Every structure is written in C-alpha cells, then in structure tokens.
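Enquirer: here you go, sequence then predicted model.
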Amino acid sequence: MRSSTYCLTLILQKMTELDYENLIEYQRYENLVNTKEFVSEKDYKFIIGYDPLEKENWVKESWHYEEGERYINLKLYYQKLKK
C-alpha cells in the first residue's frame, strides 16, 4: 500500500504550471473569503475578479483612513454578531 505522501507527490508531478497557479489562486480566494473579516482594496479586487457574485458580501469601510481603504466581509461580520 502506498502512502498518502507518495500519492500526493505523483499528483503534484502531473500538475502543470497553470494547474498549480490556479490552485494557489483558489486557496488565496478561499482564505480571504472564509477567514478575513477585513481586506485591503487590492484583495477586494482579487476576490471580485475571481467571483463577481462575492460583491454582495463586501462593503467598503471608509472611516479608517490611516489604514487605507478596506472592505468588510458582511458574511463573517454577521456570523460574529450572532455569537
């Protein structure tokens, strides 16, 4: 029986560079959308570029000028309020 590490190594060897870049982009997107309550404008543009439907879950927060523009994740914000 082969170890899971060996199987993962085989899968990664078969991945093309484009597959790898897509995987990295997806992981970045998932991390931002599912764990970050606030994101920078750059990250917001990445999220919307990856999935335009996410635009409904984010609102620009304009009162933190010293930190630059940032966006609040309404989905995570509301979950936090319910706790």
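Expert: Alright, I've got the coordinates.

Enquirer: before we move on, which element is the spatially most central residue of the chain in?
Expert: Closest to where the C-alpha atoms of the chain average out (C-alpha atoms, centre = their mean) is Tyr29, at 2.3 Å. Following DSSP states H and E, one finds Tyr29 within helix 17-35.

Enquirer: what's the first helix or strand after that helix?
Expert: Using DSSP H and E, the next helix or strand after helix 17-35 towards the C-terminus is strand 38-40.

Enquirer: what about the closest residue to the residue nearest to the centre of the chain other than its chain neighbours, neighbour count?
Expert: Counting by C-beta to C-beta, 6 or more residues apart in numbering, Tyr50 is the residue found nearest to Tyr29 once chain neighbours are left out, at 4.7 Å. Where you see a C-beta, it was placed from the backbone N, CA and C, and this is true even at glycine. A count of neighbours around Tyr50, defined by other C-beta atoms under 10 Å, yields 15.

Enquirer: so Tyr50 sits against Asn22, correct?
Expert: No: using C-beta atoms under 8 Å, Tyr50 is not in contact with Asn22, being 10.5 Å away.

Enquirer: which residues does Ser40 contact?
Expert: Gly68, Glu69, Arg70, Tyr71 (C-beta atoms under 8 Å, 6 or more residues apart in numbering).

Enquirer: what's the ChimeraX syntax to select whichever of those residues are buried?
Expert: Only the buried entries of those go into this ChimeraX selection, using 16 or more other C-beta atoms under 10 Å:
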select :70,71
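
Enquirer: nearest to Lys55, of the contacts of Ser40?
Expert: Nearest to Lys55 out of the contacts of Ser40 is Tyr71 (C-beta to C-beta; 10.0 Å).
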